[in-house]
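Participant: Using only what follows, build the 3D model:
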Amino acid sequence: MTELLLQTAVNAVYAASYTALVAVGLVLIFGVMGIVNFAHGELYMLGAYCVVAVYAKGEMPFVFAAVAGVAAVALVGAGMERGLFRPLRGNPLGGLVASIGFLLILQAAVSIVFGVRPQHIPPLTKTVIPLGEVTVPLQRLIVIVAAAVLLSALWWFLRRTRTGWALRACAQDPEAAALQGISLNKAARLAMAAGAGLAGAAGVLAAPLIPPAPLMGHPVIVAAFVVIIVGGVGNLEGAAIAAVLYAFVHTFTTTFADGVIADITVLTLMLAVLIMRPTGIFGSQERA
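Facilitator: Numbering: from 1, shown residues only. A predicted model of the protein is given here:
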């Protein structure tokens with residue numbers, strides 16, 4: 001029993017890693033642009049399919065596929081900001097509808113190019129690392145470490161660089177930031193590219209373990225929205241912590257019950273948080 005608990009905890013940490021990348025990227029986009037990007041799950045899916053194209057079919061090294069995947073998805077994100085969201089600035093509902101439309105376009109495009117069947121990706125390694133009473137596949141450990149490095153790098157960028165300070169200023173008060181000479185267009189483009197890149201990185205890391213499919217973004221975007229609501233809308237640290245809580249609850253419930261009960265459990269917990277603390281666990285109450 002102890003071994004099962006420890007193994008489930010390791011699996012939960014792995015799930016939390018790529019969920020946090022997606023959720024934090026979504027929070028960054030919403031914080032700076034005020035847009036709820038429903039196509040964010042499809043950016044995660046694009047990252048996975050970049051691995052299919054470059055690593056599985058193109059037979060290039062996985063590191064090259066990872067860099068290409070993150071860069072390509074970041075470019076798609078920047079293009080979405082310029083062609084999709086910028087004309088709709090100040091119209092959150094229009095941006096939401098536009099993101100849903102783009103979501104469907106991406107799904108159709110991937111289905112046409114790769115087909116609707118899940119893709120098989122050769123494992124990076126079959127090495128298994130023993131950690132006490134449990135064993136951890138090296139592939140999952142790579143995901144955990146890479147996610148921790150990326151999230152730490154984002155935290156450093158936002159807290160320790162002038163560009164990061166500019167992004168935070170745009171998120172807190174766009175008008176005041178503009179008066180200080182900060183370009184809202186450049187900030188929005190950077191936030192969209194960075195947020196999309198994080199989602200692409202999550203897809204890249206998950207691809208060898210979760211067979212890529214056109215609809216693989218659906219469960220991830222649902223999990224990301226639950227995480228954001230529980231952690232506090234606009235709170236990056238809250239999203240990362242809530243991703244860990246979500247993954248542990250969902251993984252343990254799935255292991256000892258089933259997936260449907262796990263989905264019901266996390267949604268029930270989300271509703272409980274909204275009732276008791278509408279701003280989320282780590283959110284702050286806005287002043288009137």
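
Participant: ok, which stretches of the stretch 101-250 of the chain are helices?
Facilitator: In the stretch 101-250 of the chain, the helices defined using DSSP state H, counting those that start in this stretch lie at 138-160, 162-172, 174-179, 184-206, 217-231, 236-256.

Participant: what is the mean pLDDT for the fifth one?
Facilitator: For helix 217-231, the per-residue pLDDT values average out at 92.

Participant: what about stretch 124-133, start to end distance?
Facilitator: 24 Å (C-alpha to C-alpha, to the nearest Å).

Participant: Please point out which parts of it sit buried.
Facilitator: L124 (16 or more other C-beta atoms under 10 Å). Where you see a C-beta, it was placed from the backbone N, CA and C, and this is true even at glycine.

Participant: Repeat that for stretch 199-216.
Facilitator: For stretch 199-216, a neighbour-count test (16+ other C-beta under 10 Å) marks 199-210, 212-214, 216 as buried.

Participant: same deal with stretch 112-126?
Facilitator: F114, Q119, I121, L124.

Participant: Quick one: the residues you listed as TSV, columns for distance to E3 too.
Facilitator: Listed next are those as TSV, based on distance: C-beta to C-beta, whole Å:
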residue	distance to E3
F114	38
Q119	33
I121	29
L124	25
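
Participant: Next step: those restricted to strands.
Facilitator: Within these, no residue falls in strands by DSSP state E.

Participant: Quickly name whichever of the residues you listed is closest to L96.
Facilitator: F114 (27.3 Å; C-beta to C-beta).

Participant: My guess is that closest one contacts A48. True?
Facilitator: No: contact criterion C-beta atoms under 8 Å: F114 and A48 do not qualify, at 10.4 Å.

Participant: okay, and the common contacts of those two?
Facilitator: P212 (C-beta atoms under 8 Å, 6 or more residues apart in numbering).

Participant: Give me the three-state assignment for G31.
Facilitator: Using DSSP: H, G, I helix; E, B strand; the rest coil, the secondary structure recorded for G31 is helix.

Participant: now swap in the one 4 residues further on and tell me
Facilitator: Put simply, I35 is coil when judged by three-state DSSP.
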